[in-house]
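**Student:** Can you look at this prediction? I've put the sequence above it.
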Amino acid sequence: MKQIDKHRFSNMAETYDKLCQYLVPGYDLIQNEVFNIVAFDKEDKLTFVDLGAGSGIFIEKILNRYPNACAYWVDFSEDFLAVAKKRLASFGNNI
């Protein structure tokens, strides 16, 4: 089994938020559609896991929409985790 070079994503982690809009057609549309498919009340206490969380964009959207939610996030790239950690710092114990 080939080992994944975690460091090849280091440059991409910082610019991913801008790149994803061009690389994935309908990126925001797809993520926002999740809220139409899986609707919860704003006050619900949710727990969710984002596997391959990348820079934390989707988690940020969920926590902004559901302030009582608790998120667990996983990504194999330390560089992406560092970007996500900065982005999600304001959510405190909800992460």
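**Tutor:** On my side now, so go ahead.
**Student:** switch to C-alpha atoms for all contacts and neighbour counts from now on
**Tutor:** Noted.
**Student:** what's the closest non-adjacent residue to the spatially most central residue of the chain?
**Tutor:** Closest to where the C-alpha atoms of the chain average out (C-alpha atoms, centre = their mean) is G56, at 2.7 Å. Residue nearest to G56 in three dimensions, not counting chain neighbours: A84, with 4.6 Å by C-alpha to C-alpha, 6 or more residues apart in numbering.
**Student:** helix, strand or coil for that neighbour?
**Tutor:** Here A84 is recorded as helix under DSSP: H, G, I helix; E, B strand; the rest coil.
**Student:** correct me, but it touches G52?
**Tutor:** No - using C-alpha atoms under 8 Å, A84 makes no contact with G52, being 11.2 Å away.
**Student:** Looking at those two, which is more packed in?
**Tutor:** A84 (22 against 14; other C-alpha atoms under 10 Å).
**Student:** list the contacts for the more buried one?
**Tutor:** Residues counted as contacts of A84 (C-alpha atoms under 8 Å, 6 or more residues apart in numbering) are A53, G54, S55, G56, I57.
**Student:** Name the surrounding residues that touch the helix or strand harbouring V34.
**Tutor:** V34 is part of helix 27-37, with elements assigned from DSSP states H and E. Residues outside helix 27-37 that contact it (C-alpha under 8 Å, 6+ apart): C20, Q21, F58.
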